[in-house]
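Asker: Here's a sequence, model it:
(one chain, ligands or ions: 1)
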Amino acid sequence: MTSRFDGKVVLVTGAAGGIGAATVRALLAEGAVAVASDLRPPAADLGIADARYIAADVGDRASVDRLVAATEAIAGGIDALVHTAAILGASGPFEQLSAADWSRYLDINLTGTFNACQSVARSMIRTGTRGRLVTVGSVNAFAAEPEAAPYVASKGGIRLLTKAMAVDLARHGIAANMIAPGPIHVPRNAELFAQPELVALFAQSVPFGSAGSPDSVARAALFLADPALDFVTGAELAVDGGALAQILALPKTG
Ligand SMILES: NC(=O)c1ccc[n+]([C@@H]2O[C@H](COP(=O)([O-])OP(=O)(O)OC[C@H]3O[C@@H](n4cnc5c(N)ncnc54)[C@H](O)[C@@H]3O)[C@@H](O)[C@H]2O)c1
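Answerer: This is a model prediction of the structure:
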């Protein structure tokens, strides 16, 4: 049986992380030539050993350009990028925030997205590939959460950067779209998300009633990376169990 990704070269950054690894697994299952990149090699139990691993730091442009050149060399072009690499988490109250923390989140999350997307877009233009760029924002690209100003600002920036890329790259036939995950269970947050307070919070603030799975985000990433998806660009796809659709949840009765 043929699949929509048979032989397609798809680069996934942040591939050692929960959502990145799930995306690589989904791509491999659909016959893609998946290239998995991260700062560190993916753990063996992530099930992505069949993907080619190339180390890169998305905050370092020279490192990203080497990654893209090596990926392009595999089959002469890159069909899609799914850029999940980021640093996450709270950084403290706004008034106590250090300039160093501010810059770190912006450098890795926002400039990292610029680095990866521009380098891949240049490759796509060079090779005449009408490719797909999939960025990963967050529900925090739309609304803030406490004590996370640099993360929230970086994700808001990715949202508009994605639209700007969509506008500028359309003439090359390249689409750029963003996924906006809500709370997603990954190995990094397993302990935190198991706490009863968080389970109760998600039950109330996520209409579907719980945090989501990385496989759900991966399915959305493949939808946007699909070469057959045309005329969709500059869009945002929330994978959040309805969290962004709701403003306030009334306590459940009965
Ligand atoms: N898990 C969630 O609840 C959630 C919610 C909203 C958005 N997101 C977004 O989804 C994406 C993936 O998140 P995740 O939960 O899988 O996180 P994760 O921490 O499991 O994975 C992130 C990966 O990015 C890599 N990374 C960090 N800095 C890097 C750098 N400079 N260069 C290359 N790689 C680097 C890390 O090594 C890690 O493997 C992120 O963009 C995150 O903001 C996640």
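Asker: which residues sit in contact with the closest residue to the ligand within the stretch 1-150 of the chain?
Answerer: In the stretch 1-150 of the chain, the residue that lies nearest the ligand is residue 17 (1.8 Å; Cβ to the nearest ligand atom). The C-beta positions use only the backbone N, C-alpha and C, and glycine is treated the same way. With contact taken as Cβ atoms under 8 Å, 6 or more residues apart in numbering, residue 17 is in contact with 38, 84-85, 186, 188.
Asker: ok, now with 7 Å
Answerer: Counting by Cβ atoms under 7 Å, 6 or more residues apart in numbering, residue 17 touches 84, 186, 188.
Asker: Then residue 161?
Answerer: So residue 161 contacts 110, 113-114 (Cβ under 7 Å, 6+ apart).
Asker: Which helix or strand contains it?
Answerer: Following DSSP states H and E, one finds residue 161 within helix 149-169.
Asker: And the pLDDT for the residue lying closest to residue 32 once chain neighbours are set aside?
Answerer: Among residues not flanking residue 32 along the chain, residue 5 sits closest, at 3.8 Å (Cβ to Cβ, 6 or more residues apart in numbering). With respect to pLDDT, residue 5 scores 97.
Asker: did I read that right, residue 5 in a helix?
Answerer: No: according to DSSP: H, G, I helix; E, B strand; the rest coil, residue 5 belongs to no helix; its state is coil.
Asker: Quick check: nearest residue in space to residue 117, chain neighbours excluded?
Answerer: Using Cβ to Cβ, 6+ apart, the nearest residue to residue 117 is residue 133, at 5.1 Å.
Asker: Can you verify my assumption that that neighbour contacts residue 178?
Answerer: No: taking Cβ atoms under 7 Å as the definition, residue 133 is not a contact partner of residue 178, at 9.3 Å.
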